[in-house]
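Novice: With the input below, show me the fold.
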Amino acid sequence: MIDVVYPLGTGSAWNDNELRYSLRSLDKNLRDLERVFVVGHKPAWLINVVHIPMEDVHRKNKDANLIDKVLAACRAGVSDKFVRLSD
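Specialist: As a prediction, the model looks like this:
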């Protein structure tokens, strides 16, 4: 079984539908999916995931925000083997 981590920021030009389609694809194609962690912004329609609220504190360093979000998922108990997905 494998967990998936999505570090998610704000400001989607497509109402976070890119996440919606990615989640549908995971559900359809990933046989060993255990849990989905979404770290950061939570769209109103998002259910049945582990959500970890987190602000993007590094205004000029997107990589640092991504690293912080992955570390937050690790602290929250993501499995040793996981996939980080991003649009």
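
Novice: where does this structure dip in pLDDT?
Specialist: 87 (pLDDT under 70).

Novice: in it, which spans are helices?
Specialist: Here the chain has its helices, by DSSP state H, at 17-29, 62-75.

Novice: Out of those helices, flag the one nearest V83.
Specialist: Nearest of the helices of the chain to V83, taken as C-beta to C-beta: helix 17-29 at 9.0 Å. Where you see a C-beta, it was placed from the backbone N, CA and C, and this is true even at glycine.

Novice: Now do the buried residues in the closest one.
Specialist: 19, 22-23 (16 or more other C-beta atoms under 10 Å).

Novice: Check what contacts it and list those residues.
Specialist: Helix 17-29 has contacts (C-beta atoms under 8 Å, 6 or more residues apart in numbering) with 4, 6, 8, 12, 33, 36, 38, 43, 45-46, 49, 85, 87.

Novice: centre of the chain versus that helix, how much separation?
Specialist: Mean-position distance between helix 17-29 and its chain equals 12 Å (C-alpha atoms, centre = their mean, to the nearest Å).

Novice: Quick check, central residue of this protein?
Specialist: Y6 (1.6 Å; C-alpha atoms, centre = their mean).

Novice: wouldn't that residue be in contact with K42 here?
Specialist: No - applying C-beta atoms under 8 Å, one finds Y6 not in contact with K42, separated by 10.6 Å.

Novice: coming back round to it: with distance to E55 added, can I get the helices of the chain in a markdown table?
Specialist: Below are the helices of the chain laid out as a markdown table (distance: least, C-beta to C-beta, whole Å):
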| stretch | distance to E55 |
| --- | --- |
| helix 17-29 | 18 |
| helix 62-75 | 9 |
